[in-house]
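Participant: Here is a sequence together with a model predicted from it:
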Amino acid sequence: MTAVEKQSPIEARLAALDLPKGGAFGAAREAALARFTAMGLPGRRDEYWRWTDPASLNAPTPVVAKSFDSSDEAPVFNTIDRLKLVFVDGVFDAAASDAPELAGVEITRLAEAADIHWATGLYGSLEAAGQSPVARPFAALNTAAATDGVLIRVTGRAARPVSLIYVHKSEASDPILHHVVKLEPGAELTLLENGPAGARFNKVLEVDVAEGARFHHVRMQGRDHERRAITHIFARVGEGALFKSFTLTANGVLTRNEVVIDITGDDAMAHVAGAALGDGATGAFTHDDTVFVTHGAERGESRQVFKKVLKHGAVGTFQGKILVKPGAQKTDGYQISQSLLLDDDSQFLAKPELEIYADDVKCSHGSTTGAIDDTALFYLRSRGVPMDEAVALMVISFLADAIEEIEDETIKAEVLDRLEAWLARHRG
Amino acid sequence: MLEIKNLHVKLEEEDKVILKGVDLTVETGKVHAIMGPNGSGKSTLSYVLSGRDGYEVTEGSATLDGAELLEMEPEERASAGLFLAFQYPVEIPGVGNMTFLRTAVNAQRKARGEEELSAGEFLKVVRQKAATLKIDADMLKRPVNVGFSGGEKKRNEILQMAMLEPKMCILDETDSGLDVDAMRLVADGVNALRDAGRSFLVITHYQRLLDHIKPDVVHIMADGRIIKTGGPELALEVEKNGYAEILAEHGIEGVL
Ligand SMILES: Nc1ncnc2c1ncn2[C@@H]1O[C@H](COP(=O)(O)OP(=O)(O)O)[C@@H](O)[C@H]1O
Ligand SMILES: [Mg+2]
């Protein structure tokens, strides 16, 4: 295989892919491929990859990952009346999915989009805009290479959440999914995502939230210990619109979740939150949240709330930035990243950044790392709560601010249930 | 019955001795009060009895109905019937007061081999007990002690005590920071729990709480020891004359 030896890493990566051509998104894909080629694969010398090694994401093929049997628990989001769309190892499974019919919502499978489609101009455009000032090569690669995903256009108030379920079956699956969600003015949608998707998952979600529209996103990344994931959310938030996203991550060798939010309309609100639980005893655990919020309009409110609970050598990273552009007066930007280290082996790395070019703004950020408060633990135990349960309560207490970002009470209860189950499985 | 014998305690981290031979017996069904100047070791005694980290017992014992407390984990002491109402109740954001109470009640029941209370039963009992302490539904729902006033925190401690039905209740400065009305509520809550099978150790700096919770026995603690024991009249004497005279009798000086 001398031919392979001559390839550069980026050529090798591309050679492993079957790049789609033509159709509604042909031009967008070509442009993305050019972007990706120009950027190259990320390395640890890149400012935002210093703490997370991208090698296993760069490799032409994924590290094999056993799929995890989680049938000891009820299916995630089972308590919620939702429209289910199922992907198995990154391929849409119509038989396992509900009919994609929902009043006020138009759903098309990416692979089946007609040559002339409402998403033509949007597909890849938010990703492209989100490439500066920080390059996000895996997102460009995704736009160029994704063959499946959903295109969702919301014109009214969706009666039910749309639930994307990612099943992981094959040990070497390498799914690349790209979703586009467009909320027309005043529309409202809740999008749920859950599951590991594959051995190595690359996903991009582009969300365009028009004036006065409301978008809620809740995701749980699955219990597979061995999976890897690189995900991006690119959101554009218009005047008076609301964008809210929450992610629960428990398990997974490597997870990097990037969120890029562009507030383009006045009086808009964008909240993004994450709760990650890592136990190195069940396999390596590296979790990285990289978030970039840009205020480009007046009176915008943004919140970043990221919490990580780490033990047995788990590593957590948070890189978060608030950029306030000139003229984005009365911006209210908030960012908090915290880790709770349950032992001395674990590590939390944080890079909080503020860059402000407007004078009348209120922005704050904070980052803390620490152990469970002894006094609180003693208080609980003095009431008869055993050590393990007291620790679990303190973990829930620690994560509460992030979970509070979920508005829907039923969904919040689901997330709490999963969290408690994880804690029960990972005592000591 | 709580029996403390010759209890010596030092700080784990430094060579500071705080309790220097405490002897104290609280018979079942009785209310004992401990008074004493600040820094005399009253809170330390309550923490050591309930099992807080950071202290080292160098000598002595403390038993509850014959069982050695000092060898148990804090949660085991609780299940054995010991309860400490904290001088500074702890705030636990994100954990509902009700969830906390139910977790505690059921953990203790489980530890004692009793059946857990169903959500319905629990709710009924808690509502009724909360009402007598003027704790409203909102306070029950809110995170443990978060945003509670000083008085609300102390009432919440008494509610926990009422729910857990301990045999031995230690109240550490439960009156501090309370106005007269709040103190009456707390005292009424405590008095409602007085029972032939339940004992109390009421730690207080002031006599006024003892107007409401009438003690059977009053102890004066100073410099890590019980230096004087008497009836309720001892509290009145302290109120009138301060600690100086009693301390001087025992050769202890200090700014009070
Ligand atoms: N953890 C601690 N670290 C340092 N000093 C302590 C600690 N706990 C108690 N002490 C000291 O021990 C003495 C007794 O304190 P405490 O038991 O709180 O007294 P009281 O409750 O009677 O006011 C004081 O001098 C106090 O400063
Ligand atoms: Mg004290």
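Facilitator: That came through, no problem. Ligands and ions are numbered 1, 2, ... in the order given.
Participant: measure stretch B:198-206 end to end?
Facilitator: Length of stretch B:198-206, first residue to last, Cα to Cα, to the nearest Å: 23 Å.
Participant: Need phi/psi at the closest residue in space to B:Asp136 that isn't next to it in sequence.
Facilitator: In space, and not counting its chain neighbours, B:Asp136 is closest to B:Ala130: 7.5 Å by Cβ to Cβ, 6 or more residues apart in numbering or on different chains. Where C-beta positions appear, they are placed from N, C-alpha and C, glycine not excepted. B:Ala130 adopts backbone torsions of phi -60, psi -40, taken as degrees, to the nearest 10.
Participant: check contacts around B:Ala130.
Facilitator: B:Ala130 makes contact with B:Asp136, B:Met139, B:Leu140, B:Leu159, according to Cβ atoms under 8 Å, 6 or more residues apart in numbering or on different chains.
Participant: ok, so of those, who is nearest B:Leu24?
Facilitator: Within these, the smallest distance to B:Leu24 is 27.0 Å, found for B:Leu159 (Cβ to Cβ).
Participant: Quick check: next helix or strand after whichever strand or helix holds that closest one?
Facilitator: Using DSSP states H and E, the element containing B:Leu159 is helix B:150-164. Of the helices and strands lying after helix B:150-164 in sequence (DSSP H and E), the nearest is strand B:168-172.
Participant: Now the element after that following strand, going C-ward?
Facilitator: Next in sequence after strand B:168-172, counting helices and strands by DSSP H and E, comes helix B:180-193.
Participant: Output that following helix as PDB - backbone C-alpha positions only.
Facilitator: Extracted in PDB, the C-alpha atoms of helix B:180-193 (Å, rounded to 0.1, in the frame of the first residue of the first chain):
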ATOM      1  CA  VAL B 180     -39.400  36.800  70.300                       C
ATOM      2  CA  ASP B 181     -42.100  35.500  68.000                       C
ATOM      3  CA  ALA B 182     -39.700  33.200  66.100                       C
ATOM      4  CA  MET B 183     -38.300  31.900  69.400                       C
ATOM      5  CA  ARG B 184     -41.800  31.100  70.700                       C
ATOM      6  CA  LEU B 185     -42.500  29.100  67.500                       C
ATOM      7  CA  VAL B 186     -39.300  27.200  67.900                       C
ATOM      8  CA  ALA B 187     -39.900  26.600  71.600                       C
ATOM      9  CA  ASP B 188     -43.400  25.400  71.000                       C
ATOM     10  CA  GLY B 189     -42.100  23.000  68.400                       C
ATOM     11  CA  VAL B 190     -39.600  21.600  70.800                       C
ATOM     12  CA  ASN B 191     -42.100  21.400  73.600                       C
ATOM     13  CA  ALA B 192     -44.500  19.500  71.400                       C
ATOM     14  CA  LEU B 193     -41.800  16.900  71.000                       C
END
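Participant: show me where the chain has helices.
Facilitator: This is for chain A. Applying DSSP state H to chain A gives helices spanning A:2-6, A:9-15, A:26-39, A:55-58, A:125-129, A:137-145, A:374-382, A:387-403, A:409-425.
Participant: hm, I was asking about chain B
Facilitator: B:42-50, B:74-79, B:97-111, B:119-132, B:137-141, B:150-164, B:180-193, B:208-212, B:232-241, B:244-249.
Participant: residue in the stretch 151-256 of chain B nearest to chain A?
Facilitator: Across the stretch 151-256 of chain B, no residue is closer to chain A than B:Gln160, which sits at 6.3 Å (Cβ to the nearest Cβ).
Participant: how about low-confidence regions in chain B?
Facilitator: Per-residue confidence for chain B (pLDDT under 70) gives these ranges: B:253-256.
Participant: returning to that earlier point: and the angle for the helix holding B:Leu159 with strand B:168-172?
Facilitator: Angle, helix B:150-164 to strand B:168-172, by axes from the mean of the first three to the mean of the last three Cα atoms, to 10 degrees: 170 degrees.
Participant: Get me the contact residues on the stretch 151-256 of chain B for chain A.
Facilitator: B:Gln160, B:Leu164 (Cβ under 8 Å from any Cβ of the partner chain).
Participant: Could you pull up the contacting residues of A:Thr190?
Facilitator: A:Ala158, A:Pro161, A:Val162, A:His216, A:His217, A:Val218, A:Asp408, A:Ile411.
Participant: what sits against the residue in the stretch 51-200 of chain B positioned nearest to chain A?
Facilitator: With Cβ to the nearest Cβ, the shortest gap between the stretch 51-200 of chain B and chain A falls at B:Gly94, namely 2.3 Å. The neighbours of B:Gly94, taking Cβ under 8 Å, 6+ apart as the test, are A:Ile396, A:Ser397, A:Phe398, A:Leu399, A:Ala400, A:Asp401, A:Ile403, A:Glu404, B:Pro143.
Participant: ok, and the closest non-adjacent residue to it?
Facilitator: A:Ala400 (2.3 Å).
Participant: I'd assumed B:Thr99 was in contact with the one you found.
Facilitator: No. If you go by Cβ atoms under 8 Å, A:Ala400 and B:Thr99 don't touch, sitting 11.4 Å apart.
Participant: For the stretch 301-428 of chain A, which residue gets nearest to chain B?
Facilitator: A:Ala400 (2.3 Å).
Participant: Just want the most central residue of chain A.
Facilitator: A:Asn257 (4.4 Å; Cα atoms, centre = their mean).
Participant: Wait, it touches A:Ala275, no?
Facilitator: No. Counting by Cβ under 8 Å, A:Ala275 is not a contact partner of A:Asn257; they are 11.5 Å apart.
Participant: what do those two both touch?
Facilitator: Common contacts of A:Asn257 and A:Ala275, defined by Cβ under 8 Å, 6+ apart, comprise A:Thr247, A:Thr249.
Participant: buried sites along stretch A:358-370?
Facilitator: By 16 or more other Cβ atoms under 10 Å in any protein chain shown, the buried positions in stretch A:358-370 come out as A:Ala358, A:Val361, A:Cys363, A:His365, A:Ser367, A:Thr369.
Participant: Could you provide the residues you listed in CSV, with additional columns for distance to A:Ser132 and pLDDT?
Facilitator: Shown next, in CSV, are these (distance: Cβ to Cβ, whole Å; pLDDT from 0 to 100):
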residue, distance to A:Ser132, pLDDT
A:Ala358, 20, 97
A:Val361, 22, 98
A:Cys363, 21, 97
A:His365, 22, 95
A:Ser367, 25, 97
A:Thr369, 31, 97
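Participant: could the residues you listed be laid out in CSV, adding distance to B:Met221?
Facilitator: Output for the buried residues of stretch A:358-370, formatted as CSV (distance: Cβ to Cβ, whole Å):
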residue, distance to B:Met221
A:Ala358, 61
A:Val361, 56
A:Cys363, 52
A:His365, 48
A:Ser367, 44
A:Thr369, 40
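Participant: Mind checking which of the residues you listed land in strands?
Facilitator: A:Cys363, A:His365, A:Ser367, A:Thr369 (DSSP state E).
Participant: The last one and A:Asp344 touch, don't they?
Facilitator: No. At 12.0 Å, A:Thr369 does not count as touching A:Asp344 under the criterion of Cβ under 8 Å.
Participant: tell me, what's touching the two both at once?
Facilitator: Shared contacts of A:Thr369 and A:Asp344 (Cβ under 8 Å, 6+ apart): none.
Participant: how much space between A:Ala129 and A:Arg35?
Facilitator: 11 Å (Cβ to Cβ, to the nearest Å).
Participant: which of the two has more neighbours?
Facilitator: A:Arg35 (21 against 15; other Cβ atoms under 10 Å in any protein chain shown).
Participant: my guess is that one meets A:Ala140, correct?
Facilitator: Yes. Using Cβ under 8 Å, A:Arg35 is in contact with A:Ala140, at 4.3 Å.
Participant: Next, show the common contact partners of those two.
Facilitator: A:Ala128, A:Gln131.
Participant: Now the buried members of the contacts of A:Thr190.
Facilitator: If we count by 16+ other Cβ under 10 Å, the contacts of A:Thr190 have these buried: A:Ala158, A:Pro161, A:Val162, A:His216, A:His217, A:Val218, A:Ile411.
Participant: Throw those residues into a markdown table and include pLDDT and distance to chain B, thanks.
Facilitator: Listed next are these as a markdown table, based on pLDDT from 0 to 100; distance: Cβ to the nearest Cβ, whole Å:
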| residue | pLDDT | distance to chain B |
| --- | --- | --- |
| A:Ala158 | 97 | 30 |
| A:Pro161 | 98 | 25 |
| A:Val162 | 98 | 29 |
| A:His216 | 98 | 21 |
| A:His217 | 98 | 22 |
| A:Val218 | 98 | 18 |
| A:Ile411 | 97 | 17 |
